[in-house]
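S.K.: One predicted model, sequence on top.
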Amino acid sequence: MTVEDRAIFRSIILPAEAAPAVYRAGQLLDELGHDVVPAESPDHALDLLQQDQTDLLIVDVSGSSRNRQFVSQVADLPADARPRQLAIFCESIDESLRGLRNRLKPCKLHIFVKPLHMHGLLSVLRRLDEQNQPAGGRV
């Protein structure tokens with residue numbers, strides 16, 4: 001089933017151990033009509049990714065070595081199990097995360113530095129929505 005066949009986007013959120021910013025992102029996605037699935041752990045997130053196509057995966061790596069390892073595991077998944085978009089929230093610019101961009105293809109990687117992450121996430125959501133509008137319906 002393609003995203004065009006579905007009425008709503010599926011999003012998975014994996015917070016860091018203490019990450020209120022990710023919960024706010026989940027509330028925003030829910031308000032915009034996304035099917036938001038919170039992952040309780042990296043293993044749970046991997047299971048969720050393999051169950052159904054995911055449009056957006058949000059991972060907060062702030063102070064979380066387990067979430068950093070998880071992001072590398074996502075790159076090792078078969079292409080059809082990877083999310084369409086991966087948004088990573090972090091506290092500082094990290095070149096090692098940017099190095100994953102080629103390994104994650106066809107998944108698009110977005111890295112957002114806190115506290116500006118919500119503005120960037122809104123931009124990703126707009127692009128996801130635009131990609132799924134009929135050609136004649138775009139403004």
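M.R.: Thanks, I have the structure now.

S.K.: switch to C-alpha atoms for all contacts and neighbour counts from now on
M.R.: OK.

S.K.: Could you report the separation of the nearest residue to residue 72 once chain neighbours are set aside from residue 25?
M.R.: Take residue 72 and drop its neighbours on the chain: the residue closest to it by Cα to Cα, 6 or more residues apart in numbering is residue 100, 7.5 Å away. Between residue 100 and residue 25 the computed distance is 23 Å (Cα to Cα, to the nearest Å).

S.K.: So for the two, which sits in the more crowded spot?
M.R.: For the pair residue 100 and residue 25, the greater number of neighbours falls to residue 25 (18 against 15), based on other Cα atoms under 10 Å.

S.K.: for the longest helix along the chain, packing partners?
M.R.: In the chain, assigned by DSSP state H, the helix with the most residues is helix 117-131. Judged by 3 or more Cα pairs under 8 Å, 6 or more residues apart in numbering; DSSP states H and E, helix 117-131 has no packing partners among the helices and strands.

S.K.: pLDDT on that helix, on average?
M.R.: Here helix 117-131 scores 73 as its mean pLDDT.

S.K.: what separates it from the chain centre, distance-wise?
M.R.: Its chain's C-alpha centre and that of helix 117-131 lie 11 Å apart, by Cα atoms, centre = their mean, to the nearest Å.
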